[in-house]
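Enquirer: What follows is a predicted structure for the sequence shown.
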Amino acid sequence: MKKGVYSILKARFLVNEDATKNWRFIVFLILLAILMIANEHRYDQKIFRIAELTNEVKELRSEFVDKRSELMKLKMESTISEKMKERNIFPSSVPPQKIKIKKPIEKSFFQKLWQ
């Protein structure tokens, strides 16, 4: 037991005859650890980006609602009539009337002949 711990502390497994196997395994473990760290870093970056985009969507949605309510206010008849009064254009006192245009009935060939 004492010799096993002592040999690990002295790193004799790295200088023995079959040390190349051990070195390959150690390099593999180091590469695996680097890969895991890089993967975790990318995951954190994506989480932060998602949080940023979520906040941006909330801001844009509230801006959209504000602009839509502003547009609705501008489209109101009272607002339009107020703007037109500045230009000396007033609403008509006569209500509008709908104009209907009737299509003439096409006469057939025989009806045209007998006229």
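Expert: Arrived safely, thanks for sending. Numbers count the residues shown, from 1 in each chain.
Enquirer: any idea which helix or strand comes after the host helix or strand of T20?
Expert: Element membership for T20 (DSSP states H and E) is helix 19-75. Where DSSP H and E defines the elements, the next helix or strand beyond helix 19-75 is helix 77-86.
Enquirer: residues in contact with that following helix?
Expert: Helix 77-86 has contacts (C-beta atoms under 8 Å, 6 or more residues apart in numbering) with 73-74, 90-91. All C-beta spots, glycine's among them, are computed from the backbone N, C-alpha and C.
Enquirer: one more time with 6 Å, if that's ok
Expert: For helix 77-86, contacts defined as C-beta atoms under 6 Å, 6 or more residues apart in numbering pick out P91.
Enquirer: buried stuff in it?
Expert: Residues of helix 77-86 classed as buried by neighbour count (16 or more other C-beta atoms under 10 Å): none.
Enquirer: Now do F64, the pLDDT please.
Expert: The model reports F64 with a pLDDT of 97.
Enquirer: same deal with K67?
Expert: pLDDT, K67: 96.
Enquirer: How far off centre is stretch 78-90?
Expert: 40 Å (C-alpha atoms, centre = their mean, to the nearest Å).
Enquirer: in the protein, what secondary structure element scores lowest on mean pLDDT?
Expert: Lowest mean confidence among the helices and strands of the chain (mean pLDDT, DSSP states H and E): helix 2-10, at a mean of 66.
Enquirer: Can you list the low-confidence ranges for the protein?
Expert: 1-15, 115 (pLDDT under 70).
Enquirer: Could I get the CA-only coordinates of stretch 25-37 as CSV?
Expert: The C-alpha trace of stretch 25-37 is given here as CSV (Å, rounded to 0.1, in the frame of the first residue of the first chain):
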residue,chain,number,x,y,z
PHE,A,25,-4.5,7.8,-21.8
ILE,A,26,-3.5,11.0,-19.9
VAL,A,27,-3.5,13.0,-23.2
PHE,A,28,-6.9,11.5,-24.0
LEU,A,29,-8.2,12.6,-20.6
ILE,A,30,-6.8,16.1,-21.0
LEU,A,31,-8.4,16.5,-24.4
LEU,A,32,-11.7,15.2,-23.1
ALA,A,33,-11.6,17.7,-20.2
ILE,A,34,-10.8,20.6,-22.7
LEU,A,35,-13.7,19.5,-24.9
MET,A,36,-16.0,19.4,-21.9
ILE,A,37,-14.9,22.9,-20.8
